[in-house]
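Asker: I'd like to go over a predicted model; first the sequence, then the structure.
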Amino acid sequence: ELWSEAMRYFWRIFLLDLLYFGVGLAIALITIVPIVLIAIPTAGVGLLCLVPLLCLLVPLSWAIEIFVKQSYVALVNDDLGIMDAIKRAWEVFRPNLGHMAVMGLILFFGGSLVGIVISLPVIIAMTPLIIAAINGTTDALRTGILTTVIIILAYSPIAILLSGVLRSYIYAAWTLTYRRLTTPVQPAVVEVIETVPQPGF
């Protein structure tokens, strides 16, 4: 049932993804060409002047990533077309930038921490290979490679499952954030109950 319902949005999500990919590729090419033109004549020294600009690109790219997620949520949640989803995401993103930033920080650091925990077994699996590389013998290196590969292959299904749960949680959090920001707050209704005096009181 989930698959059949999701197929309604497949081509719209695909085209929106393709649109963002094309825009991102064009921006990357426009950015790389001036950097190369500056780096070659100055032997790389001119790149130091671009460090402040690169520092500004970090929060900008982070904000763009949040906006892109909101456009996906808007497309599915409101059943919109591609351009309407982008417009709707901008209408929600622009006045709620502070809320989006706080939610983005929570999900970024929380997701990064959980991602590190998920990848710990893979890092531990590299220990036999490192020990074998230190020993330097061919047999030890072969054994280390074989042990590492077996552990990684055995853990891969678990890692894929946990990563899927993490991604689902993050997108569910963004969906709930979008719905909370787009749903008007209903005023609390106070019901007054009249008490009837009982005889004898």
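Answerer: On my side now, so go ahead.
Asker: contacts and neighbour counts: CA atoms only from here.
Answerer: Will do.
Asker: which strands and helices sit next to the strand or helix carrying Glu65?
Answerer: Counting by DSSP states H and E, the element that carries Glu65 is helix 51-77. Counting contacts by 3 or more C-alpha pairs under 8 Å, 6 or more residues apart in numbering; DSSP states H and E, helix 51-77 packs against helix 82-93, helix 97-125, helix 138-182.
Asker: Return the list of helices and strands in contact with the longest one.
Answerer: The reference is to helix 138-182. Applying 3+ C-alpha pairs under 8 Å, 6+ apart, one finds that helix 138-182 contacts helix 51-77, helix 82-93, helix 97-125, helix 127-135.
Asker: Does anything pack onto the longest one? Which helices or strands?
Answerer: Using 3+ C-alpha pairs under 8 Å, 6+ apart, the elements in contact with helix 97-125 are helix 51-77, helix 138-182.
Asker: Out of these, the one nearest Val33 is which?
Answerer: Of all the helices and strands packed on helix 97-125, helix 51-77 sits nearest to Val33, with 14.9 Å by C-alpha to C-alpha.
Asker: Output the lowest-mean-pLDDT helix or strand in the chain as PDB, restricted to C-alpha atoms.
Answerer: Every helix and strand in the chain was compared by mean pLDDT, DSSP states H and E; the lowest is helix 127-135, with a mean of 74. What follows is helix 127-135 as a C-alpha-only set of coordinates in PDB (Å, rounded to 0.1, in the frame of the first residue of the first chain):
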ATOM      1  CA  THR A 127      41.600  -3.200  13.100                       C
ATOM      2  CA  PRO A 128      42.700  -6.600  11.800                       C
ATOM      3  CA  LEU A 129      43.800  -5.000   8.500                       C
ATOM      4  CA  ILE A 130      45.800  -2.300  10.400                       C
ATOM      5  CA  ILE A 131      47.500  -4.900  12.600                       C
ATOM      6  CA  ALA A 132      48.300  -6.900   9.500                       C
ATOM      7  CA  ALA A 133      49.700  -3.900   7.700                       C
ATOM      8  CA  ILE A 134      51.900  -3.200  10.700                       C
ATOM      9  CA  ASN A 135      53.300  -6.700  10.800                       C
END
